[in-house]
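Participant: Please work out how this folds:
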Amino acid sequence: MEESVLTMNGVMKHRDSLLFGPVDLQLPKGYVFAIVGPNGSGKSTLLNIALELLHPDAGTVSLLGQRLDKPLDRAIKQKIGYVPEVSSRDEDHFTLEQLAKFTAHWYPGWSWSKYDEFVAKFQLKPTQKFGKMSKGVRRKCELTMALSCQPELLILDEPSSGLDPFAWKMMVDELRGFMDQGDRTVILSTHIVDEMKRLADYIVFVFQGQVLGMFEKDSLLDNWKEMWVTEETGMAQDAGELPGLVEWGREAGGMIRLVSSDASATERTMRELGWNPVKTRTLELDETLLYLIQRKQTMREEKS
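Facilitator: Numbering: from 1, shown residues only. Next comes the predicted model:
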C-alpha cells in the first residue's frame, strides 16, 4: 500500500454559506495533485484544513503520518513548504533577504545554493521590501522561499497568480525539477488548464464543498472524448445504450454527436454495430469538470 501524505475521513467545515464536506480523500506520496474547481468551491478550504489553518467541525485529518487532533510536530512542519493564495501583509516591511535568513533558521533542508539560483533566474532584488513589490514579483519571492526549503511536501494555492507567461513557464520548469529530486509531493490548487496538463499526475475535482472524484490525469484525457458519427436508420434508438455515454444528440448535416467517459468501450461497441466515427476529440479538463458537475446535480435532483 502506498504511503499517504494527506488523508481526510468524514471531514466537514461550515464556512459562511458553504458547507465543506463530508470529504473522504487519500493522497499517496510522490505525485503532483491538482485541486480543481470553480471559485468558491472549497479548494482553499481543503488546503487550509490540511495545514491546520482551519479546524474541521467533524472528521479526522492526517498529514505526513500525523493525526491533526493535536498541533503538528515541528519535525513535520519542517517538511512542508507553502505558498498561500493571498500574500500576508505582515511581511510587507521585510525584504526577501531578511525572510530568507529567518526561514533558513527553521528549515534544516534549506538550500542557499537553490535560493541564489532562484534569485538569479527570477531576477529578484533581495533587499527590496515585500510591500514595494508588484504582485508578480512578490509571487516569485514566495515560490523562491518555498522551493529553497527543499520540502518533502509542497502546498501551493493558485501559485501562478500574478505571474507573466515567461515567469509561469519558469515556475512550471522549476516544479518539474523539484519533483525529479526525490520522493516528493506537490498539492496545488489551480484553475489554469495548462498547469494541470503539464504538472499534475492526478486531478481532484471539487464543487460546492464536495469532492467529485480523484482521477489519474492521463487516464482522464484518454477516456473522456467527444465523437461524431454519420447517422443511419435506427441509429438514434441504439445511441442511448452505448457504454460510457454521457450525452448524445443530433447535429446539422445528418451527424450524431456523442460524449463518452469511457471512450474505448464506446468505440468498441460502435465498431460492433458497424458505426465508424468521422471525428474524435479529447475533452479539455475544464469541460470534463462541467460534465461531472452536471452528473452530480442530476443525482441530487433524482434523490430529492
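
Participant: got the contact list for stretch 261-278?
Facilitator: Stretch 261-278 has contacts (CB atoms under 8 Å, 6 or more residues apart in numbering) with 222-225, 227-230, 232, 235, 238, 242-246, 255, 258, 260, 280, 291. Any C-beta I mention is one placed from the backbone N, CA and C, and that applies to glycine too.

Participant: Kindly recompute the last result at 7 Å.
Facilitator: Contact with stretch 261-278 is made by 222-225, 227-230, 238, 242-246, 258, 260, as judged by CB atoms under 7 Å, 6 or more residues apart in numbering.

Participant: Ends of that stretch, what's the gap?
Facilitator: Terminal residues of stretch 261-278 are spaced 18 Å apart (CA to CA, to the nearest Å).

Participant: quick check: mean pLDDT across that stretch?
Facilitator: Averaged over stretch 261-278, pLDDT sits at 91.

Participant: List the buried residues in that stretch.
Facilitator: By neighbour count on 16 or more other CB atoms under 10 Å, the buried set for stretch 261-278 is 261, 262, 263, 266, 267, 269, 270, 275, 277.

Participant: Could you check how far the last one is from residue 239?
Facilitator: Separation of residue 277 from residue 239 (CB to CB, to the nearest Å) stands at 12 Å.

Participant: ditto for the fifth one
Facilitator: If you measure residue 267 against residue 239 using CB to CB, the figure is 13 Å.

Participant: any idea how the protein splits into domains?
Facilitator: 82-151, 220-303 (automatic domain parsing).

Participant: So which of those domains is nearest residue 180?
Facilitator: Using CB to CB as the criterion, the shortest distance between residue 180 and the domains of the chain is 12.8 Å, found for domain 82-151.

Participant: May I have the distance across the closest one, first residue to last?
Facilitator: For domain 82-151, the first-to-last residue distance is 9 Å (CA to CA).

Participant: just stretch 241-250 next, same as before
Facilitator: From its first residue to its last, stretch 241-250 covers 15 Å (CA to CA).

Participant: Run through the stretch 151-300 of the chain and note the low-pLDDT ranges.
Facilitator: The stretch 151-300 of the chain contains residues with pLDDT under 70 at 233-234, 236, 300.

Participant: and the helix or strand harbouring residue 47, what does it pack onto?
Facilitator: In this structure, residue 47 sits in helix 43-50 according to DSSP states H and E. Applying 3 or more CB pairs under 7 Å, 6 or more residues apart in numbering; DSSP states H and E, one finds that helix 43-50 contacts strand 4-15, strand 58-63, strand 153-157, strand 185-189.
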